[in-house]
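Chemist: Predicted model, plus sequence, below.
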Amino acid sequence: MIKLNYLINLAAEEAPSPVIPHPVEIIVGLIAFSLLFYVLKTKVVPKFEKAYEERTNAIEGGLVRAEKAQVEAERVLRAYTTQLAEAQSEAQKIREESRVQGAAIIEDLREKAKEEAARITAAAQQSIEAERQQAITSLRNEVGALATELASKIVGEALDDQVRQSRIVDRFVADLEKSN
Amino acid sequence: MNLLEGEVRPGFRAPDAGDFVFPSIFGDSVLTTKPVVLVFFSVILISTFFIASSRKALVVPSKIQFAGEMVYGFVRNEIGKDVIGSEFQRFVPFLFTIFTFILTNNIFGIIPLIQFPTMSRIGFPVSITIFVYLTYHFVAIRKHGLFKYLKDMCFMPGIPKFMYVILAPLELATYFLIRPLTLAMRLFGNMFAGHLLLILFTLGGEYMLHDKLIMQLFSVFSFGFSLGFTFFEFFVQCLQAYIFTLLSALYIAGALADEH
């Protein structure tokens, strides 16, 4: 029994039980682990996370950008198509309008020309009428005078009385017209 | 003493737990033993690598950034996002630290000249486990409140009432004892056993090399095995770092879940 105890003691001295932790080693382990944890947490993990995030952003950002470009392209295409259609209808409208306007202008001009013609005609007629009246008047006077003179010459008596003279002339002219 | 030595040939000392105890490099301080120095070295190594890797944080990564991002992305997406879900982001630095810290210290086990997996000293797995333990309890208490947390833990819905007599203590033990113990022990055990096997076959091979011809033949096998086992160890070292991180994430996810 004593020998066994001695053996156990000896064994224990030679080879301390490997499952009994050395307190200093636990403390060293705690410190070393804490140090490493601090370094990795503050210096390494944020950097790696940043790289991860940037990479994800780069990939997703690219996708988003492509999508945006696609949407933009579609929007522009739609805008162009709309504009083209608008331009076409506008052109159509303008053509229509110009035709209408042209027709209106022609009509207007025709109207104006007609009016002008009518006016000219009217003026000419007026002038002719006036000249005719003038001619008639002057003719009448001259014819009157001639006739009177003639008559007085023929009859041999002067018809000095103006009123009477005029009446005779009128009757004379009326007879002339009647005979015409 | 004779009793212990009787099992092996005289002259050969099989490696044991004593091979995991190192003398101090400077003076007597425990702070300068190989495992402690390695742990601090790992902190510098990981910090340097990842700071260099993430410093520029380019959209199109350089080679070193790509390498760092691969490790980070693995922890962030495969462990954090998949296991914890929507609230994963705030736990990513913690999980990332666990993974890189354990992985680096494990891989020290097969790096020439270093050749010691720091996690085979149980103090280090324990210290990481303390953080995980505090984290998942803290998260759960803050989310549900202490009373509801304990109530949900002890009384799972949809189970006959009398079963709670058995289940409640089991659940309590799971959350408060078994989880941290298994978490620390699994990592420690794997690293300890792996390293022990490696040095056994290496030392054994070396010992047999100085023996008779037949033994020298066996020695080749021994060295060959230790070489092959080194590759296997690398696999185990990565796997253990992954498992530890994954379980931590699972415990946090459980703490955040509405029902346990």
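Modeler: Okay, I see it.
Chemist: alpha carbons only for contacts and neighbour counts from here, please
Modeler: Noted.
Chemist: what bits of chain A have low per-residue confidence?
Modeler: Residue ranges of chain A with pLDDT under 70: A:1-15, A:150, A:153-161, A:180.
Chemist: what does it put close to chain B?
Modeler: Counting by CA under 8 Å from any CA of the partner chain, the residues of chain A close to chain B are A:7, A:14-30, A:32-33, A:35-37, A:39-41, A:43-45, A:47-48, A:50-52, A:54-55.
Chemist: quick check: longest helix of chain A.
Modeler: Ranked by residue count, the top helix of chain A under DSSP state H comes out as helix A:45-155.
Chemist: Which neighbouring elements make contact with that helix?
Modeler: helix A:162-179 (3 or more CA pairs under 8 Å, 6 or more residues apart in numbering or on different chains; DSSP states H and E).
Chemist: which other residues reach the helix it packs on?
Modeler: A:140, A:144, A:147, A:148, A:159 (CA atoms under 8 Å, 6 or more residues apart in numbering or on different chains).
Chemist: what's the distance between the second one and residue B:57?
Modeler: Same thing as residue A:144. From residue A:144 across to residue B:57, the span is 133 Å (CA to CA, to the nearest Å).
Chemist: try the fourth one
Modeler: Taken as CA to CA, the spacing of residue A:148 relative to residue B:57 amounts to 138 Å.
Chemist: for residue B:59, helix, strand, or coil?
Modeler: Assigned by DSSP: H, G, I helix; E, B strand; the rest coil, the conformation of residue B:59 is coil.
Chemist: just to revisit the earlier point, the longest helix of chain A vs helix A:162-179, what angle?
Modeler: Orientation check (axes from the mean of the first three to the mean of the last three CA atoms, to 10 degrees): helix A:45-155 against helix A:162-179 gives 110 degrees.
Chemist: Show the contacting residues for residue A:52.
Modeler: Here residue A:52 is in contact with residue B:59 (CA under 8 Å, 6+ apart).
Chemist: So residue A:144 and residue B:57 - more neighbours on which side?
Modeler: Neighbours were counted for residue A:144 and for residue B:57 using other CA atoms under 10 Å in any protein chain shown; residue B:57 has more, 23 against 20.
Chemist: Who are the contact partners of the closest residue to that one other than its chain neighbours?
Modeler: Computed as CA to CA, 6 or more residues apart in numbering or on different chains, the closest residue to residue B:57 that is not its neighbour in sequence is residue A:51, at 5.0 Å. Counting by CA under 8 Å, 6+ apart, residue A:51 touches B:57, B:58, B:59.
Chemist: What separation do you get for residue B:216 and chain A?
Modeler: 30 Å (CA to the nearest CA, to the nearest Å).
Chemist: Just give the nearest non-adjacent residue to that residue, would you?
Modeler: residue B:209 (4.6 Å).
Chemist: and the stretch 51-200 of chain B, which residues reach chain A?
Modeler: Counting by CA under 8 Å from any CA, the stretch 51-200 of chain B comes close to chain A at B:51, B:54-60, B:69, B:72, B:93-94, B:96-98, B:101, B:121-128.
Chemist: Out of the residues you listed, which sit inside strands?
Modeler: Assigned to strands by DSSP state E, none of those qualify.
Chemist: Restrict the residues you listed to the buried ones and give me that as a PyMOL selection.
Modeler: Buried subset of those, written as a PyMOL selection, criterion 16 or more other CA atoms under 10 Å in any protein chain shown:
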select buried, chain B and resi 51+54+57+58+59+69+72+93+94+96+97+98+101+121+122+123+124+125+126+127+128
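Chemist: Geometrically speaking, which residue is the centre of chain B?
Modeler: The residue lying closest to the centre of chain B (CA atoms, centre = their mean) is residue B:187, at 3.8 Å.
Chemist: What helix or strand is that residue located in?
Modeler: Per DSSP states H and E: residue B:187 is located in helix B:179-209.
Chemist: Show me what that helix is packed against.
Modeler: Partner elements for helix B:179-209 (3+ CA pairs under 8 Å, 6+ apart): helix B:123-144, helix B:213-256.
Chemist: May I see those organised as TSV, with distance to residue A:61 and mean pLDDT added?
Modeler: TSV is the format used below for these (distance: least, CA to CA, whole Å; pLDDT from 0 to 100):
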stretch	distance to residue A:61	mean pLDDT
helix B:123-144	36	94
helix B:213-256	32	92
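Chemist: Out of those helices, flag the one nearest residue B:203.
Modeler: Closest to residue B:203 of the helices and strands packed on helix B:179-209 is helix B:213-256 (CA to CA; 8.9 Å).
Chemist: if we can go back for a sec, relative to residue B:236, which of the contacts of residue A:51 is nearest.
Modeler: Nearest to residue B:236 among the contacts of residue A:51: residue B:57, at 31.3 Å, using CA to CA.
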